[in-house]
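Engineer: Here is a sequence with its predicted model. Questions after.
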Amino acid sequence: MSDSVLKLENVSIFQNDNLVLSDVNVDVKEGDFVYLIGKTGSGKSSFLKTLYGDLKLTNGAGSIVEFDLKTLKEKDIPFLRRKLGVVFQDFKLLNELSINGNLEFVLKATGWKDKTLIKAKIESVLTKVNMQAKGQKFPYELSGGEQQRVAIARALLNDPKLILADEPTGNLDPQTSMEVMEVLLDLNKKGHTIFMATHDYALILKYPSKTLKCEDTKVFEVVQRKN
C-alpha cells in the first residue's frame with residue numbers, strides 16, 4: 001500500500017470556468033513537509049480549496065487521505081475534513097467562546113460526546129502547541145501568534161493524516177512567524193504531514209524543505225541551492 005497522503009495526476013483546476021492551474025502532478029508522502037509558493041493570484045488558494053473540497057476536481061485524478069477528489073460528494077466533505085487539519089491565515093476562532101470552548105465546539109460538531117475524553121483531548125492538543133495555560137482565555141485576549149497556535153491545536157483535534165496550512169504566518173510579524181514555524185516543524189518531526197502555502201520566502205530560506213511553485217498555470221518543484 002502506498003504511503004501517499006496526497007496524489008494528483010494530470011489535474012486541471014478551474015475557478016468559475018477559468019483555468020487556474022493545469023497539468024498538476026503532485027505526490028506528498030506521509031511525514032513530508034511541503035511548501036507551496038507563488039505570487040498572489042498564482043493559484044495557491046484554488047489549489048488548497050480543491051484539496052479540502054471547496055472546489056470540485058473535474059479534470060485529472062486526485063486522492064487525498066484516501067478520498068477520491070474526482071468522485072467526492074457534498075455529503076463526504078465533512079468526513080474528508082475530519083481527516084485533514086486546516087489552518088487559515090485569519091485564525092477563524094469564535095471570539096464569544098474561550099479557547100477551550102472553541103476546541104470543544106469543534107469536537108462536539110464532529111461527534112465527540114464524552115466530557116472526560118473531550119477535556120483530555122483539548123489538553124493534549126493545547127500542550128502540543130505550548131498553549132495549555134491559556135484555555136480559559138478568549139481569542140481577543142491573545143496575541144496573533146498565540147491565536148495561530150490555537151488554530152493549529154484545533155487542526156490537530158481529530159488526529160489528521162495531513163495538515164493543510166494556508167498562509168499561516170501571513171498576518172504575523174517576522175519573529176512570531178518563526179515561532180509558529182517552529183511549532184509546525186516540531187509537529188512534522190513528530191510524524192505529522194504538513195502542506196503549507198506561503199509567500200514568506202524568508203521562512204523557506206531559514207527552514208528549507210521540499211518546495212512547489214505555482215506560476216503561469218503550472219506547479220513545479222523548486223530545487224533549492226545549497227549554500
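Structural biologist: Perfect, I can see it now.

Engineer: Tell me how far the residue sitting nearest the centre point of the chain lies from Val28.
Structural biologist: The centroid of the chain falls nearest to Leu164 when counting by Cα atoms, centre = their mean (1.7 Å). Separation of Leu164 from Val28 (Cβ to Cβ, to the nearest Å): 10 Å. For glycine as for every other residue, the C-beta is placed from the backbone atoms N, C-alpha and C.

Engineer: ok, then the element right after the helix or strand harbouring Val150?
Structural biologist: Assessed by DSSP states H and E, Val150 sits inside helix 144-155. Remark: after helix 144-155, the chain's next helix or strand is strand 162-166, criterion DSSP H and E.

Engineer: average model confidence for that following strand?
Structural biologist: If you average the pLDDT over strand 162-166, you get 94.

Engineer: what packs against the helix or strand following it?
Structural biologist: Toward the C-terminus, strand 162-166 is succeeded by helix 174-189 as the next helix or strand (DSSP H and E). Counting contacts by 3 or more Cβ pairs under 8 Å, 6 or more residues apart in numbering; DSSP states H and E, helix 174-189 packs against strand 33-37, helix 144-155, strand 162-166, strand 194-197, helix 201-206.

Engineer: Dump those to JSON lines, plus distance to Phe14.
Structural biologist: Listed next are those as JSON lines, based on distance: least, Cβ to Cβ, whole Å:
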{"stretch": "strand 33-37", "distance to Phe14": "18"}
{"stretch": "helix 144-155", "distance to Phe14": "27"}
{"stretch": "strand 162-166", "distance to Phe14": "19"}
{"stretch": "strand 194-197", "distance to Phe14": "18"}
{"stretch": "helix 201-206", "distance to Phe14": "28"}
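
Engineer: what's the helix holding Val150 in contact with?
Structural biologist: Outside helix 144-155, the residues that touch it by Cβ atoms under 8 Å, 6 or more residues apart in numbering are 85-88, 91-93, 99, 102-103, 106, 125-126, 128-131, 134, 139, 142, 163, 165, 168-169, 171-173, 176, 179-180, 183-184, 187.

Engineer: where's it relative to the chain centroid, distance-wise?
Structural biologist: Between the centre of helix 144-155 and the centre of its chain there are 12 Å (Cα atoms, centre = their mean, to the nearest Å).

Engineer: Pull up the distance across stretch 107-125, start to finish.
Structural biologist: From the first residue to the last, stretch 107-125 extends over 12 Å; the measure is Cα to Cα, to the nearest Å.

Engineer: quick one: buried residues of that stretch?
Structural biologist: 107, 118, 121-122, 125 (16 or more other Cβ atoms under 10 Å).

Engineer: what angle sits between the helix holding Val150 and strand 162-166?
Structural biologist: 150 degrees (axes from the mean of the first three to the mean of the last three Cα atoms, to 10 degrees).

Engineer: got the CA coordinates for helix 144-155 in CSV?
Structural biologist: What follows is helix 144-155, C-alpha atoms only, in CSV (Å, rounded to 0.1, in the frame of the first residue of the first chain):
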residue,chain,number,x,y,z
GLY,A,144,-1.8,36.9,16.8
GLY,A,145,0.9,34.3,17.3
GLU,A,146,-1.0,32.7,20.2
GLN,A,147,-4.2,32.7,18.2
GLN,A,148,-2.4,30.9,15.4
ARG,A,149,-1.1,28.3,17.8
VAL,A,150,-4.7,27.7,19.0
ALA,A,151,-5.7,27.4,15.3
ILE,A,152,-3.0,24.8,14.8
ALA,A,153,-4.2,23.0,18.0
ARG,A,154,-7.7,23.0,16.6
ALA,A,155,-6.4,21.4,13.3
